[in-house]
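Asks: the sequence and its predicted three-dimensional model are supplied below.
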Amino acid sequence: MTENKTIPEHRSKGRPRAFDRNRALRCALEIFWRHGYTPASVSELCRVMGIKPPSLYATFGNKASLFLEAVNFYEKTYWEAPAKRFASDPDIYSAVKNFFNESAQILLSPETPCGCMVVLAAINISEEEKEIIEAVRSLRLATKQMFADRLRRAIQDGQIPPDTDVPALSGALNTMLEGLSIQARDGLFQSELKAIAGHAVRMLPDPLKKSREE
């Protein structure tokens, strides 16, 4: 869910004529989100993508490469811009408030799979799928690092106390973000999800009071 971390994409050797890669990835996203990585079959993926298995392998390499590219597509399409806005907001309190509010909108948007692709589709992956496990883990750690970097900048800017436990707080924010995905999957209304997301900013320490002379 950040703008920095991406997974190397497979370079295709060929693809069907008039092939819409983005459309195919959107279709694959839906299947991976609905079933998870392991239960999603190649035949079902090919059916919704409108291609034959040889075309899938020629274009994406294999199911694992398709999944990783679909995750990249999801991250860039839905989370890259919100992450950039979060990083550029000069005020940590509005940054957290706005990011989590926007996250609630994304997680329940009719245009996206319900809940975060990284959190939900990668559950219960076989231990043999080391590449996928590590790639998804890296994405999650990158999101936690995004929170940590922004909190440290807030300390430098004098917005939160210098003794703020950055690792713990960034971990708590990341855990809340992942938890919102589970809540979205459970069928909450967007108003309910936004109400939960609104508590994220309350996890921040009280703002430092600047002196009147400043």
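Replies: In hand now; what should we look at?
Asks: residues near Arg23, how many?
Replies: Close neighbours of Arg23, defined as other Cβ atoms under 10 Å, add up to 11. (Each C-beta comes from the backbone N, C-alpha and C, glycine too.)
Asks: please identify the helix or strand for it.
Replies: helix 21-35 (DSSP states H and E).
Asks: just checking, Ile196 touches Leu180?
Replies: Yes - contact between Ile196 and Leu180 holds when scored by Cβ atoms under 8 Å: they sit 6.5 Å apart.
Asks: which residues are common contacts for those two?
Replies: Taking Cβ atoms under 8 Å, 6 or more residues apart in numbering as the criterion, Ile196 and Leu180 both touch Ala104.
Asks: the more surrounded of these two?
Replies: It is Leu180, of Ile196 and Leu180, that has more neighbours when counted by other Cβ under 10 Å, with 25 against 16.
Asks: does anything pack onto the helix holding Arg23? Which helices or strands?
Replies: Here helix 21-35 touches helix 42-49, helix 63-74, helix 117-120, going by 3 or more Cβ pairs under 8 Å, 6 or more residues apart in numbering; DSSP states H and E.
Asks: skip ahead from the first one and say which helix or strand is next.
Replies: So the one you mean is helix 42-49. helix 53-60.
Asks: starting at the chain centroid, how far to that next one?
Replies: Relative to its parent chain, helix 53-60 has a centroid offset of 26 Å by Cα atoms, centre = their mean, to the nearest Å.
Asks: which other helices and strands contact it?
Replies: helix 42-49, helix 63-74.
Asks: least reliable of those helices going by mean pLDDT?
Replies: Among the helices and strands packed on helix 53-60, helix 63-74 carries the lowest mean pLDDT, a mean of 90.
Asks: just checking, what packs against it?
Replies: helix 21-35, helix 42-49, helix 53-60, helix 117-120, helix 130-156.
Asks: ranking those by burial, who's on top?
Replies: Across those, averaging neighbours per residue (mean count of other Cβ atoms under 10 Å) puts helix 117-120 on top, at a mean of 22.
Asks: and that helix, average pLDDT?
Replies: 70.
Asks: could you shift the numbering so residue one becomes 13, and keep it that way?
Replies: Noted, 13 is the first residue going forward, which turns the last one into helix 129-132.
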